[in-house]
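> Pasting the sequence and the predicted coordinates here, then a few questions.
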Amino acid sequence: MNKILPVVLIVLAAVLVAAATMHSSALTPATTPEGAVQSLLNHVKTHDADGAYRYVAKSSNTDEPDFAHDVFGDDGNLRTYSALQLFDTKVMHEDDQQADVRATLQWASAVGAVYDTRDLKVVREENSWKVLWPVTARPKVPPQVIPVNYLRWDIVSRGPDDDWGAQNVDAPRVRIISMNPVEKDGNFILLGEIENEDTVPGFVSVAATLIGKDGKTIGQEESFDKISHILLPKEISPFRIDFPNMSRERIASVHMQPNAMLVPASADPVMGVMHQAMQKDARGHSVLTGELVNQSGQTVNIPHVLATFYDNAGKVIWVADGYVDQSLAPLTPVAFTIGVHDDLAPKIHSYRVTANQYSRDRVQ
Amino acid sequence: MKLLQRGFFFAMLALTPVICGAQLSVSGTFRAGVAVTLQAPGSGTSTLYLFGPGGAIKQTVQRGTITIPGDNFKIAGRYTAIVDGSNAWFFVNEAPLANISFIARPSRVPAAARGAVLGSAFLFDRFQNLVLASTPVDFRLATESTKGEDRTVTSRNGVAWVQLNSGSRSGPAQFVASSGDVSVRRVVQQVAADPCSIRMKAARAPDGNILVETAPIADCSGNAVPDGTIVTFACVDKRGRSTVDARVKRGFARAELPPSSAATLSVAAGVVLGNEIHWGGGQ
């Protein structure tokens, strides 16, 4: 007896330690709707597609490969370069057989944090709770030939043997066509639009320098990705330059520096932005929604949407952007949503949306 | 002791002209690359010191008429010659115009733009001296088979510059700066300016979409805007707003917009707006 008891205690301790450290597994059915969602998302967080799929209800009619593509991405889209970092769940409604759970997700992606909110239906299936995860079947593009005969620009620059004074090819002429400084949430923000007035494409950026009342520089920032960098001839892009923790009273003047560089470019792809409309999302916040349609024959891996909002005088009052985490297959609409500050929404009279793109295999 | 020696040396130097007689002299105007003649009175050998922007030389010469070869005066400027303690200075001017260094900016301009083309000509002789003498320089900017624009400007301090309007025809324009027999040519590409009067038409496509297409797009001088120019078509109906940033191809831009029973269609390129079409009106 004296020898058996320690052994039993050791085995019991080992079992308890293992139970405490083991994550919820397929062997652990979800006993609550929230638990089902959390278990699924925990597996997503650890990149365990198999484990996550075990919490998907059969009535979703979703097979595992489709689920994995939907959650972890495919086609080189933004989701393939993302990882679920944080999530929060809240039960909105629950009864014996089904429940609605709102999941707020934060993804760490190659372009920064991406926030997503999903309202998930959870159903009771075989004495445990499972998540309904319908995956919208993407329409198959029928086999066809899509001719790509848009213009392409290449550059031959001046060489060392050229005569002194012989011209090089100049960078494109760009012009800032509007500029509006605003102060929001303790930050000083410059909004505006820039046009490529030339007949050649350019890589464009806008920088700004703030001069204080003592004549010294108090801030220098660039537009970063709040601008469409490659501008084709006569193309207009919005820009937004943020100066965090800066108040307008400190600023005496602003020096804008538009920069343009001549680069090889292609006029392909053409992207349509369809059915843009201001709406309210599930939480009652103002959003701009629409659909992107890739009108070329090659997949666009990471679309980037830029929206410019104008008041009734035509002044730019806000510039917002968002990345779509799905790729754009040819001729297949994909929805996008861009958040808009609720206090700005009533002032918006019109808006303009442009789509930028980053494609892995596209020849530039 | 040293002070005494220094004083004796300077006294001898000052007295040398008195001892030797008349001063070193030079007269006439001199040009770069041309020999210079000095008159040093007396006879026998002496030492010539010559210094100026071209460098410095020291050589043994015979007093009397001293001829210094033109190779020593390639660089224009003030020279000083010293023989027997007597000095003479003179200016060497630049040689006749032999080269023009011409900068034309920019390399690409919109057609019919006022004062858009700048040309700066720097005048040099064959020794790379700036030709400071006022010299007339002709500037001419023209495309093939057009008269173009001509201007004659007199140089100041070796530079002549001009600001010209670009021509109304697109194409490569020859920008020539010339003076006498010397001329330099640059090419300025004149491109179409902003689109003028964009007109579009709309029709129902076989799949029910709205097919919009512009007429050939040209600037106000009639130059076709180049392919690749962005033309934005927009359709506003009760479902929202749809836009397509189409590209000009062979002078036209076209796009397909989603089907609608009643919509307002518009077109724009850059900051230039075209016509509007009320689709579905009158039904």
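Received the coordinates, thanks.

> Which residues does A:Gln106 form beta bridges with?
A:Leu86, A:Tyr115 (DSSP bridges).

> can you list the residues of the stretch 201-350 of chain A near chain B?
With the criterion set to C-beta under 8 Å from any C-beta of the partner chain, the stretch 201-350 of chain A comes near chain B through A:201, A:232-236, A:267, A:270-277, A:290, A:295. (Each C-beta comes from the backbone N, C-alpha and C, glycine too.)

> Can you flag the buried ones in the residues you listed?
A:201, A:232-236, A:267, A:270-276, A:290, A:295 (16 or more other C-beta atoms under 10 Å in any protein chain shown).

> for chain A, which residue is closest to the average position?
A:Tyr323 (2.3 Å; C-alpha atoms, centre = their mean).

> which residues sit in contact with it?
Shown in contact with A:Tyr323 (C-beta atoms under 8 Å, 6 or more residues apart in numbering or on different chains): A:78, A:109, A:111, A:114, A:302-305.

> Mind putting these into JSON lines with neighbour count and pLDDT?
Converted to JSON lines, these look like this (neighbours: other C-beta atoms under 10 Å in any protein chain shown; pLDDT from 0 to 100):
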{"residue": "A:Leu78", "neighbour count": "22", "pLDDT": "86"}
{"residue": "A:Ser109", "neighbour count": "19", "pLDDT": "87"}
{"residue": "A:Val111", "neighbour count": "16", "pLDDT": "81"}
{"residue": "A:Val114", "neighbour count": "19", "pLDDT": "85"}
{"residue": "A:Ile302", "neighbour count": "25", "pLDDT": "90"}
{"residue": "A:Pro303", "neighbour count": "26", "pLDDT": "92"}
{"residue": "A:His304", "neighbour count": "21", "pLDDT": "93"}
{"residue": "A:Val305", "neighbour count": "23", "pLDDT": "95"}
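
> out of these, who's nearest chain B?
Minimum separation from chain B among these (C-beta to the nearest C-beta) is found for A:Val305, which lies at 11.7 Å.

> my read: the closest one touches A:Val324, true?
Yes - shown here, A:Val305 and A:Val324 form a contact pair, counting by C-beta atoms under 8 Å, at 6.6 Å.

> shared neighbours, the two?
A:292, A:336.

> circling back to that earlier point, I'd like to know which of the residues of the stretch 201-350 of chain A next to chain B are part of helices.
Nothing among these maps onto helices, per DSSP state H.

> how many neighbours does B:Lys147 have?
Neighbour count for B:Lys147, taken as other C-beta atoms under 10 Å in any protein chain shown: 9.

> ok, it to B:Val137 distance?
Distance, B:Lys147 to B:Val137, by C-beta to C-beta, to the nearest Å: 20 Å.

> likewise A:Arg250?
51 Å.

> can you give me the strands in the stretch 151-283 of chain B?
B:159-164, B:171-179, B:182-191, B:195-196, B:200-204, B:210-214, B:218-219, B:230-237, B:240-247, B:254-257, B:263-269, B:272-279 (DSSP state E, counting those that start in this stretch).

> Check the nearest residue to B:Thr29 once chain neighbours are set aside and give its pLDDT.
In this structure, B:Thr29 finds its nearest non-sequential neighbour in B:Asn93, 6.7 Å apart by C-beta to C-beta, 6 or more residues apart in numbering or on different chains. Here, the pLDDT recorded for B:Asn93 equals 94.

> Same check on A:His23?
47.

> Quick one: name the residues of the stretch 101-250 of chain B near chain A.
B:101-108, B:110, B:184, B:186-188, B:191-192, B:194-195, B:225-231, B:239-247, B:249.

> switch to 6 Å and redo it
B:101-103, B:106-108, B:191, B:226-230, B:239-244, B:247 (C-beta under 6 Å from any C-beta of the partner chain).

> Report the contact partners of A:Asp321.
A:226, A:306 (C-beta atoms under 6 Å, 6 or more residues apart in numbering or on different chains).

> Tell me the spacing between A:Gln98 and chain B.
The gap separating A:Gln98 from chain B is 32 Å, by C-beta to the nearest C-beta, to the nearest Å.

> distance of the residue lying closest to A:Asp154 once chain neighbours are set aside from A:Trp153?
In space, and not counting its chain neighbours, A:Asp154 is closest to A:Pro264: 5.0 Å by C-beta to C-beta, 6+ apart. Separation of A:Pro264 from A:Trp153 (C-beta to C-beta) stands at 6 Å.

> ok, these two, which is more surrounded?
A:Trp153 (18 against 12).

> I'd assumed A:Gly202 was in contact with the more buried one.
No - A:Trp153 is beyond contact range of A:Gly202, at 9.9 Å (criterion: C-beta atoms under 6 Å).

> can you list the weak-confidence ranges in the chain?
Looking at chain A here, since you left the chain open. Within chain A, the stretches falling below the threshold (pLDDT under 70) are A:1-2, A:15, A:17-27, A:138-139, A:162-167, A:361-364.

> Hmm, no, I was thinking of chain B.
B:1-22, B:281-283.

> how about the buried ones among the residues of the stretch 201-350 of chain A next to chain B, which pair is most distant?
Spatially, the most separated pair among these is A:Pro201 and A:His275, at 28.6 Å (C-beta to C-beta).

> Find the nearest non-adjacent residue to whatever residue of the stretch 251-364 of chain A ends up closest to chain B, please.
Nearest residue of the stretch 251-364 of chain A to chain B: A:Ala277, at 3.5 Å (C-beta to the nearest C-beta). In space, and not counting its chain neighbours, A:Ala277 is closest to B:Gly240: 3.5 Å by C-beta to C-beta, 6+ apart.

> residue contacts, that neighbour?
A:275-277.

> What segments of chain A are helices?
Under DSSP H, chain A gives helices at A:4-21, A:33-45, A:49-53, A:64-72.

> okay, the ones you listed in TSV with distance to chain B and mean neighbour count next?
Shown next, in TSV, are those (distance: least, C-beta to the nearest C-beta, whole Å; neighbours: other C-beta atoms under 10 Å in any protein chain shown):
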stretch	distance to chain B	mean neighbour count
helix A:4-21	52	9
helix A:33-45	32	22
helix A:49-53	35	18
helix A:64-72	26	17
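
> With distance to B:Tyr79 added, can I get these in TSV?
Shown next, in TSV, are these (distance: least, C-beta to C-beta, whole Å):
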stretch	distance to B:Tyr79
helix A:4-21	95
helix A:33-45	85
helix A:49-53	89
helix A:64-72	83
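
> Relative to A:Ile146, which of these is closest?
helix A:64-72 (23.4 Å).

> Against which helices or strands is that closest one packed?
Of the remaining helices and strands, those touching helix A:64-72 by 3 or more C-beta pairs under 6 Å, 6 or more residues apart in numbering or on different chains; DSSP states H and E are helix A:49-53.

> for the closest residue to A:Leu262 other than its chain neighbours, what are its contacts?
The shortest distance from A:Leu262 to any non-neighbouring residue, by C-beta to C-beta, 6+ apart, is to A:Ala171 (5.0 Å). Neighbouring residues of A:Ala171 by C-beta under 6 Å, 6+ apart: A:260-262.

> of all those residues, which comes closest to A:Pro147?
A:Leu262 (27.3 Å).

> Might you report the residue contacts of the closest one?
A:155, A:169, A:171, A:202.

> if you set the cut-off to 7 Å instead, what comes out?
A:Leu262 is in contact with A:155, A:169, A:171-172, A:200, A:202, counting by C-beta atoms under 7 Å, 6 or more residues apart in numbering or on different chains.

> List the beta-bridge partners for it.
A:Gly202.

> next one: A:Ala320
Bridge pairing for A:Ala320 - DSSP bridges - gives A:Ala307.
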